[in-house]
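[1] sequence plus the predicted model coming up.
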Amino acid sequence: MNDGIGLAEMLLGLPGFRVLDVVQSDVEVVVWIESTVSRAFCRSCGVLAEAQDRMRVDIRDLACFGRPARLVWSKRRWRCRVRLCPARTWTEHSSHVDAQAVLTRRAGIEACRQVGENARPVAQLADELGVCWWTIMNAVIEHGTPLVDDPDRVGRVTQLGIDETSFLAANRQHATVYATGLIDLGRHIVIDMVEGNSADDLRRWTENADPAWLGGIAVVATDLAESFRAGLSPHLDHTRRVADPFHVVRVANRCVDQVRRRVQNETLGHRGRKPDPLYRIRKLLLAGSERLDERGADRMLLGLRVGDPDDELLGAWLAKESVRDVYLADTPADAALLLDKAIVGCAGDEVAEIRSLGNTLKSWRAEILAHHDTGASNGPTEGLNLCVKKVKRCGHGFRSFNNYRLRVLLHAGGITWPHRPRPPRIRTRSPHSDA
Ligand SMILES: [Zn+2]
């Protein structure tokens, strides 16, 4: 390989194309190419075709040595010389470039990987490659959909997690739009995303799922949402339901927050401000007591003494701690005992928020205790929620749920990405070796 064109063709790496010229500007490398095909036969009648003319097609390819690359394909148009043949004229095609596409296939596949695997913004890739947003999104849809739809992506699932995330924040036109994520707690992957968070939304999904696959699910972990509990029926009636510990503690934390805000308002007549005693201990109140050091505990008690005249917030804090204690129990029997104590304690309280916490605990008693037998928790789900949030942040607010679902599943859905060969590593040279 010693002539310039041969070198250029080797660098280009598109079999079936010949490089005519390489021109560089400040902003891109332009490679003029044509196909190496010298003759073609009519698709309709099989007669040897005549060359009619050429048309110029501009295509974006992977960046080349740090610069965006443009291929200018001098695309040949063929003509059938049989006069009455219906084929008339047609243009040549290549497996590397789809008809009408402005990206080569390899650039589209790489864009899909960047948006999916690495959760990079579509707009960023569009900018980098020099194409419009939809060109990249279409490549993600085209190359990503088969990966997401691959029946081998989700295997047998024995522990299913269900969790909601917000899909669209509320605005003038609509309230917050939620989505429900279904998670394989064994493999820590998102199985699917469903628009909405109602019982019907969840039920519709289970209705369409393979009954044999659903039959393999033994445990379902959810947050304390009645809609999810209802939506599991009838297709997941055979499963053991678990209330996710993270969400149980969160319900208790919410009770503390509610009481703190109300007491704050009643004693001071305004919402929490920086110097207010209860506002200052708001985070200490939510931390587990085992995580408070002596100084933290002193500060918290002082704040309560100053800001909580009727010990209402203290009561809420104790109730919250009694819920946390359930998860410190060593045996299921101890857990049941502690939970029942918590429920009774809350039920007899004078503070409405604490009584309401007690009702929630009572209504979810079986599910809360099921955690101790099954060990199932949405802990991994919360990790996945972070992934989902990452995708959402980089999407700057999705309008299309399908695109959102596709990108979440590409990022956190356990995709097997096409193998990309790893080049041998060139080791770092020590600074004095080339002196
Ligand atoms: Zn023909």
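    Perfect, thanks for sending it. Residues are numbered from 1 along each chain as shown.

[2] per-residue confidence at the spatially most distant residue from the centre of the chain?
    What lies farthest from the middle of the chain is R83; by Cα atoms, centre = their mean that is 56.5 Å. What the model reports as pLDDT for R83 is 87.

[3] buried ones in whichever helix in the chain runs longest?
    When the chain is parsed with DSSP state H, its longest helix is helix 245-268. Neighbour-count burial for helix 245-268, counted by 16 or more other Cβ atoms under 10 Å, picks out 245-249, 251-264, 267. In this view, the C-beta of every residue, glycine as well, is placed from N, C-alpha and C.

[4] what is the very next helix or strand once past it packed up against?
    Sequence-wise, the next helix or strand downstream of helix 245-268 (DSSP states H and E) is helix 277-280. Applying 3 or more Cβ pairs under 8 Å, 6 or more residues apart in numbering; DSSP states H and E, one finds that helix 277-280 contacts helix 245-268, helix 294-307.

[5] closest one to the ion among those?
    helix 245-268 (67.8 Å; Cβ to the ion).

[6] angle of that closest one against helix 294-307?
    For helix 245-268 against helix 294-307, the angle between stretch directions is 40 degrees (axes from the mean of the first three to the mean of the last three Cα atoms, to 10 degrees).

[7] dump helix 245-268 to PDB, restricted to CA.
    In PDB, the C-alpha atoms belonging to helix 245-268 read as follows (Å, rounded to 0.1, in the frame of the first residue of the first chain):
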ATOM      1  CA  PRO A 245     -38.000  -1.500  53.100                       C
ATOM      2  CA  PHE A 246     -36.700   1.700  51.600                       C
ATOM      3  CA  HIS A 247     -40.200   2.800  50.900                       C
ATOM      4  CA  VAL A 248     -41.500   1.700  54.300                       C
ATOM      5  CA  VAL A 249     -38.900   3.900  56.000                       C
ATOM      6  CA  ARG A 250     -39.700   6.700  53.600                       C
ATOM      7  CA  VAL A 251     -43.400   6.600  54.600                       C
ATOM      8  CA  ALA A 252     -42.200   7.000  58.300                       C
ATOM      9  CA  ASN A 253     -39.900   9.800  57.300                       C
ATOM     10  CA  ARG A 254     -42.700  11.500  55.600                       C
ATOM     11  CA  CYS A 255     -44.700  11.400  58.800                       C
ATOM     12  CA  VAL A 256     -41.800  13.100  60.600                       C
ATOM     13  CA  ASP A 257     -41.600  15.800  58.000                       C
ATOM     14  CA  GLN A 258     -45.400  16.400  58.000                       C
ATOM     15  CA  VAL A 259     -45.500  16.800  61.800                       C
ATOM     16  CA  ARG A 260     -42.400  19.000  61.700                       C
ATOM     17  CA  ARG A 261     -43.900  21.400  59.100                       C
ATOM     18  CA  ARG A 262     -47.200  21.600  61.000                       C
ATOM     19  CA  VAL A 263     -45.700  22.200  64.400                       C
ATOM     20  CA  GLN A 264     -43.300  24.800  62.900                       C
ATOM     21  CA  ASN A 265     -46.300  26.600  61.300                       C
ATOM     22  CA  GLU A 266     -48.300  26.500  64.500                       C
ATOM     23  CA  THR A 267     -45.600  27.700  66.800                       C
ATOM     24  CA  LEU A 268     -44.000  30.300  64.500                       C
END
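
[8] who does that helix touch, helix- and strand-wise?
    In terms of contacts (3+ Cβ pairs under 8 Å, 6+ apart), helix 245-268 is packed against helix 277-280, helix 282-286, helix 294-307, helix 312-326, helix 352-363, helix 379-395.

[9] mean confidence for the first one?
    Same thing as helix 277-280. 89.

[10] and the contacts of it?
    With contacts defined as Cβ atoms under 8 Å, 6 or more residues apart in numbering, helix 277-280 is touched by 260, 263-264, 272-274, 299, 302-304, 306-308, 313.

[11] same question, the second one
    Helix 282-286 has contacts (Cβ under 8 Å, 6+ apart) with 253, 256-257, 260, 272, 292, 296, 299-300, 303, 313, 317, 320.

[12] tell me the one among those nearest to A376.
    Checking the contacts of helix 282-286 against A376 by Cβ to Cβ gives N253 as the nearest, at 21.0 Å.

[13] so the closest one makes contact with K320?
    Yes. Between N253 and K320 there is a contact at 6.3 Å, judged by Cβ atoms under 8 Å.

[14] re earlier: of all the helices and strands packed on helix 245-268, which one comes closest to the ion?
    Closest among these, using Cβ to the ion: helix 379-395, at 48.2 Å.
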